[in-house]
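**Q** Based on what follows, work out the 3D shape:
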Amino acid sequence: MDLVDKSNDAEQLLRNAEIDNYINRVRPQRVSDSCIDCDEPIPAERLNAGGYIVRCIDCQYIYELKKKQG
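**A** Prediction:
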């Protein structure tokens, strides 16, 4: 590995760290583990799947259908 490769690797590590910091700053924090529409608990499996989850699967499905219909 030459100097250019090491420099590129260091730059990529720095870029990744900056991206992670940005994502953590702009990602809204979950206030509750309950669905914002029906107020029922959201299963842990769904919450742990990743992303910003605010609805149970049923309410999310209804929300997306309504959104498609305009």
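**Q** Report the secondary structure state of the residue nearest the centre of the chain.
**A** Residue closest to the mean C-alpha point of the chain, counted by CA atoms, centre = their mean, is Gly51 at 2.7 Å. Assigned with DSSP: H, G, I helix; E, B strand; the rest coil, Gly51 falls in the coil class.
**Q** Would you point out the helix or strand in the protein whose mean pLDDT is lowest?
**A** Between all helices and strands in the chain, the lowest mean by mean pLDDT, DSSP states H and E belongs to helix 3-26, at a mean of 80.
**Q** CA atoms only for that helix - export them in CSV, please.
**A** Output of helix 3-26 as CSV, limited to C-alpha atoms (Å, rounded to 0.1, in the frame of the first residue of the first chain):
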residue,chain,number,x,y,z
LEU,A,3,1.1,6.8,0.3
VAL,A,4,-1.8,7.6,-2.0
ASP,A,5,-3.7,4.6,-0.9
LYS,A,6,-3.2,5.4,2.8
SER,A,7,-4.3,9.0,2.1
ASN,A,8,-7.4,7.8,0.3
ASP,A,9,-8.2,5.4,3.1
ALA,A,10,-7.8,8.2,5.7
GLU,A,11,-10.0,10.6,3.7
GLN,A,12,-12.7,7.9,3.4
LEU,A,13,-12.7,7.3,7.1
LEU,A,14,-13.0,11.0,7.8
ARG,A,15,-15.8,11.3,5.2
ASN,A,16,-17.7,8.4,6.8
ALA,A,17,-17.4,9.9,10.3
GLU,A,18,-18.7,13.2,9.0
ILE,A,19,-21.7,11.5,7.3
ASP,A,20,-22.5,9.5,10.5
ASN,A,21,-22.3,12.7,12.6
TYR,A,22,-24.7,14.5,10.1
ILE,A,23,-27.2,11.7,10.1
ASN,A,24,-27.2,11.6,13.9
ARG,A,25,-27.8,15.3,14.1
VAL,A,26,-30.7,15.4,11.6
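**Q** can you list the residues that contact it?
**A** Identification of contacts with helix 3-26 by CB atoms under 8 Å, 6 or more residues apart in numbering yields no residue at all. Just so you know, the C-beta spots here come from the backbone N, C-alpha and C atoms, and that holds for glycine as well.
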